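> can you look at this prediction? I've put the sequence above it.
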Amino acid sequence: MADREEQLLKETKRAEKRAAEDIEQLARDQARRKANLAREQAIEEDQKEKTAKRAERRAAEEIRQSARDQARRKANLAREQAIAEAQEAKKLKAKNNPQSEPNGYGQGDEQGLGLFIEFLS
């Protein structure tokens, strides 16, 4: 009978030891899960910040690009207007002075041609 009591005592101690180990393991698991959750939350927060910064940079770049495009369009329009005005001025000049050719030499200037011939003679 003493052996049986001793056996029961050993089994009880083993059960208590196993229960204590299980409690310790649960506490370690819980601490590990808590640490993992904290790490994942920190990673998520970091990703949110990076995404927000990326969006800010993209928005700023879009504004800068829009300003560059607008300036380019304005310069192109000014250049086209200057060309059109120059062409219009040329047309008016040609209309007001029909004997003048675009290259600057007179056309149909018989008197000038006659004087030139006399000069050569």
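Here it is on my side, so go on.
> any regions of the protein where pLDDT drops low?
99-121 (pLDDT under 70).
> so which residues of it form helices?
Along the chain, counting by DSSP state H, helices occupy 2-96, 110-120.
> can I get those in TSV with mean neighbour count?
Where C-beta positions appear, they are placed from N, C-alpha and C, glycine not excepted. Formatted as TSV, the helices of the chain follow (neighbours: other CB atoms under 10 Å):
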stretch	mean neighbour count
helix 2-96	10
helix 110-120	9
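> distance check, residue 67 against residue 12.
In this view, residue 67 and residue 12 are 82 Å apart by CB to CB, to the nearest Å.
> and residue 81, by the same measure?
102 Å.
> over to residue 94?
121 Å.
> same deal with residue 59?
70 Å.
> check residue 18 too.
Distance check for residue 18 against residue 12: by CB to CB, it reads 11 Å.
> next one: residue 34
According to CB to CB, residue 34 and residue 12 sit 33 Å apart.
> could you do residue 65 as well?
In terms of CB to CB, residue 65 sits 78 Å off from residue 12.
> ditto for residue 43
Distance from residue 43 to residue 12, by CB to CB: 46 Å.
> can you check residue 95 too?
To residue 12, residue 95 is 122 Å away according to CB to CB.
> for residue 69, same thing?
From residue 69 to residue 12 the distance is 84 Å (CB to CB).
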